[in-house]
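1. Structure, please.
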Amino acid sequence: MTRRFLVGCALLTACGGGRPPAPAPAPAPAPTPVLPAPLPRAAASRTYAALDTGPARLTIFLATTRRSVTSDRPGERYGPEDGDSLQFAAVGVNVPSYRVRGTGDLPRPSSLRDNALAYRPDPQRDFFVTSTIPVDSNRFVQRLSADLALSRSRDLLVFVHGYNVSFEDAAVRAAQVAADLNFDGSVVLFSWPSAASVTAYVRDQQSARNAGFQLLRLLRNHVTAAQPDRVNLLGHSMGSEVVGKAFTLTAPADSLLRLAHVVFAAPDVDARVFRREILPRLAVHAGHVTLYASSDDDALRASRVVNGAGRLGLGGDSLVVLDGMDTIDATRVTADVLGHTLFGNQSFLADLAVLLAEGKTPAERRLLPATKDGRTFYRFRGDRR
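-> Numbers count the residues shown, from 1 in each chain. I've put the predicted structure just below:
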């Protein structure tokens, strides 16, 4: 074997001659993704048809910073003092039939405040708390999850009450709103320690701001753990202070906090603070923000004097119209004697029901468009007089 032959063999091997290379192994098949099991839900929407013929007992879920107290009456189990922590309960509320009340009406026992010893609510005619069952946080999430499974939508409504409201006042209002909205989902009442006194405005305002941290905990932790499909947040009057404070504590990267709708009804919050500090945070975490305001709101007029600052819920020349929020002027619909509480008005309830259930825009809800400073807002068509 000559040296020239060996060099030739080496050259052939280097140029790809000789034995062909082994084929590359076939890539392994991609693993089949494991989809999460569908969340349990009812085949049909939750029905309130029983209220057409008789009273019904509705269950709402309570998260509260009120201190618990000893009482024989279920509606007095939580008082006006701040417990400085979250407590939970399942609350039963008697809702009278539509045979004896109209949509939006909230009849209460006449002796509720006059004579506690003679307190005898009539199930056929009165709203009242029938039971209050305290639970720990884990049981709260479990019961809330089970209740969501009884609805078709798995929607959740978190209701935050306003100033001068007791625990029972807040509970029956939450139940009335759920029934009159025909809400397909579960209702959580966040009850902060209002003193339930007209003279305690300043004290209530500070209590509302203090409660914002605990509302954020509820939304981020317990509500998320129950796995609703959509979360809607409704703040009334000074309850908007609670909501506003909660969102000023959020971070843009807080991926756990995702809300479908945030609704402010007659909000008693500084309009400048809302524009500067609250709405920018809401825009990150909420799909839609809606404001219901009125120029006939005497309670907010008084608040403007006390605080020396415009209130978000005031209409007229003070109406707040901002990018990233739908403003609805509710001046043309009838509220309570102070023009402040809209939950007794059928037009308001009907509009809110369509917003939460179907997500329709104000233009799709037959509201009347108007403009202010080049931005569009909407008005109700008005009640019959």
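
2. in the strand ranked longest in the chain, what counts as buried?
-> Ordering each strand of the chain by length in residues (DSSP state E) puts strand 78-95 first. Judged by neighbour count using 16 or more other CB atoms under 10 Å, the buried positions of strand 78-95 are 78-80, 82, 86-95. C-beta coordinates here come from the backbone N, C-alpha and C atoms, glycine included.

3. Just give me the closest of these to Trp192.
-> Distance to Trp192 across these (CB to CB) is lowest for Asp82, with 8.2 Å.

4. Can you identify the element that follows the longest strand of the chain toward the C-terminus?
-> Later in the chain than strand 78-95, the nearest helix or strand by DSSP states H and E is strand 128-135.

5. Neighbouring strands of that following strand in the sheet, and parallel or not?
-> strand 78-95 (antiparallel) (DSSP bridges).

6. Okay, buried residues for stretch 333-353 please.
-> Under 16+ other CB under 10 Å, the buried positions of stretch 333-353 are 333-335, 339-345, 347-352.

7. ok, now stretch 294-312?
-> Applying 16+ other CB under 10 Å to stretch 294-312 flags 294-297, 299-301, 303-304, 307, 310-312 as buried.

8. start to end distance for that stretch?
-> Start-to-end span of stretch 294-312 (CA to CA, to the nearest Å) is 10 Å.

9. for Gly316, phi and psi?
-> phi 70, psi -140 (degrees, to the nearest 10).

10. Just give the nearest non-adjacent residue to it, would you?
-> Ser295 (3.5 Å; CB to CB, 6 or more residues apart in numbering).

11. what separates that neighbour from Ser303, distance-wise?
-> Distance, Ser295 to Ser303, using CB to CB, to the nearest Å: 14 Å.

12. Equivalent analysis for Ala286, please.
-> On the measure of CB to CB, Ala286 and Ser303 end up 24 Å apart.

13. can you check Ser131 too?
-> 35 Å.

14. now Val198
-> Taking CB to CB as the criterion, Val198 is separated from Ser303 by 13 Å.

15. again, but for Arg101
-> Here the criterion is CB to CB. By it, Arg101 lies 30 Å from Ser303.

16. so who does Val172 touch?
-> Val93, Leu106, Arg108, Phe127, Phe128, Val129 (CB atoms under 8 Å, 6 or more residues apart in numbering).

17. Contact partners for the third one?
-> Neighbouring residues of Arg108 by CB under 8 Å, 6+ apart: Asp126, Phe127, Phe128, Val172.

18. Can you get me a residue count around the first one?
-> Spelled out, it's Asp126. Asp126 has 21 neighbouring residues, counting by other CB atoms under 10 Å.

19. Quick one: the helices in the stretch 151-300 of the chain, in order.
-> Listed in chain order, the helices found in the stretch 151-300 of the chain under DSSP state H, counting those that start in this stretch are 167-181, 201-210, 212-217, 224-225, 239-248, 271-273, 279-285, 298-307.

20. so how far is the fifth one from its chain's centroid?
-> Spelled out, it's helix 239-248. Averaging C-alpha positions (CA atoms, centre = their mean, to the nearest Å) puts helix 239-248 12 Å from its chain's average.

21. And the second one, by the same measure?
-> Helix 201-210 sits 20 Å away from the centroid of its parent chain (CA atoms, centre = their mean).

22. quick one: contacts of it?
-> 65, 82, 163-164, 192-195, 238-239, 241-242, 245, 303, 306.

23. Please repeat the previous calculation with a cut-off of 7 Å.
-> Helix 201-210 is contacted by residues Asp82, Tyr163, Asn164, Trp192, Pro193, Ser194, Ala195, Met238, Glu241, Val242, Lys245, Val306 when judged by CB atoms under 7 Å, 6 or more residues apart in numbering.

24. May I have the beta-bridge partners of the residue nearest to the spatial centre of the chain?
-> When CA atoms, centre = their mean is applied to the chain, the residue found nearest the centroid is Leu233 (1.8 Å). For Leu233, the beta-bridge partners are Val158, Val262 (DSSP bridges).

25. for Thr59, same thing?
-> Beta bridges link Thr59 to Gly92, judged by DSSP bridges.

26. surely it meets Ala89?
-> No - applying CB atoms under 7 Å as the test, Thr59 and Ala89 come out as separate, 10.5 Å apart.

27. Distance check, the residue lying closest to Val320 once chain neighbours are set aside against Ala286.
-> In this structure, Val320 finds its nearest non-sequential neighbour in Ala271, 5.2 Å apart by CB to CB, 6+ apart. Note on Ala271: its distance to Ala286, by CB to CB, is 18 Å.

28. quick one, which of the two is more surrounded?
-> Ala286 (23 against 20).

29. residue contacts, that one?
-> Leu259, Val262.

30. what's the helix or strand for Ala353?
-> helix 346-358.
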